[in-house]
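Colleague: Next come a sequence and a model predicted from it.
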Amino acid sequence: MLFAALLVQTPLHAEALPEEFQGVGVDEKVGQKIDLDLTFIAENGYPVALRNYFETGKPVILDLVYYSCPMLCNRVLNGQADALRGLAWTVGKEFEVVTISIDPTEMFNLAQHKRAEYLESYGKPTTGWHFLADTEGHSKQLADQLGFHYKLDQRTGQYAHAAAIMVLTPEGKVARYLYGVNFKNRDVRLALTEAADGKGSFSLNKFLLICFHYDPHAKGYVLFAANFMRIGGALCALILGFVIFRFFRYERLRNADHHLLVPAK
């Protein structure tokens, strides 16, 4: 299972992969809008449309996992919970989190149990982290729209899938993919800022996106040296201009005082 996480980080030829991993990975669909009318089963056992979690006008972190996963899914969710705990923002206040099972056999009671487990792990009171179960094959439809490709291993009954979370805009467009099982607070913060598009408190962090940009090879946000140097140069020019202004102002005042002290003839 963990090997599947490497599929999004290591350029392997398809013929080099074991059969159970053929076609597994992430085909990024940044900018594509998902179908918000897809329905799932909420923790209370009632159907709910994805649209319900986007009507708040907040960005959404979306996870595709399965709740009985013996290893990888738990590591992804644990890493996400760790990153969310380190944010100044709170789930449900500045953004939503939606976790959906890709296993059509998993019922809402399992989603309910998983939700209770991770809300306790998160450690902050919130109603903004939702755990959903599949219905009518909508998890597969959503995964295809996100480019999240997985496969059921008939021999083990486990799913081969990538280790990734998706960040979406309030309109349901894919803004960013974050990979791995450990997520940097900075990457999550900047991805949410991008997805929010200047709305809410995220606008305060917009300036960070001038210095950092997403590097698809590094699978994260890295310092953008060119912009950083431009900002440094502009700041130096501003300081130099201020010093020159103060110098000439001082000279003018000193000359004025000198003329006042000259005795009249």
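Modeller: Looks like it arrived, so ask away.

Colleague: could you pull out the strands for the stretch 101-250 of the chain?
Modeller: Applying DSSP state E, counting those that start in this stretch to the stretch 101-250 of the chain gives strands spanning 129-132, 148-149, 151-153, 158-160, 164-168, 174-179, 212-215, 220-223.

Colleague: between the ones you listed, which gets the lowest average pLDDT?
Modeller: Comparing mean pLDDT across the strands of the stretch 101-250 of the chain, the weakest is strand 212-215, with a mean of 49.

Colleague: Just say helix, strand or coil for the closest residue in space to His113 that isn't next to it in sequence.
Modeller: Sequence neighbours aside, Tyr67 is the residue nearest to His113 in space, at 7.7 Å (criterion: C-beta to C-beta, 6 or more residues apart in numbering). Glycine gets a C-beta too; all of them are placed from N, C-alpha and C. Following DSSP: H, G, I helix; E, B strand; the rest coil, we place Tyr67 in the coil state.

Colleague: phi, psi of Tyr67?
Modeller: When read as degrees, to the nearest 10, the backbone of Tyr67 gives phi -70, psi -20.

Colleague: how near is it to Trp89?
Modeller: With the distance defined as C-beta to C-beta, to the nearest Å, Tyr67 ends up 26 Å from Trp89.

Colleague: I'd say Ile61 and Leu77 touch.
Modeller: No. Using C-beta atoms under 8 Å as the test, Ile61 is too far from Leu77 to be in contact (11.1 Å).

Colleague: So for the two, which sits in the more crowded spot?
Modeller: Remark: of Ile61 and Leu77, Ile61 carries more neighbours, 26 against 23, as counted by other C-beta atoms under 10 Å.

Colleague: Could you confirm that one falls within a helix?
Modeller: No. Under three-state DSSP, Ile61 sits outside any helix and is assigned strand.
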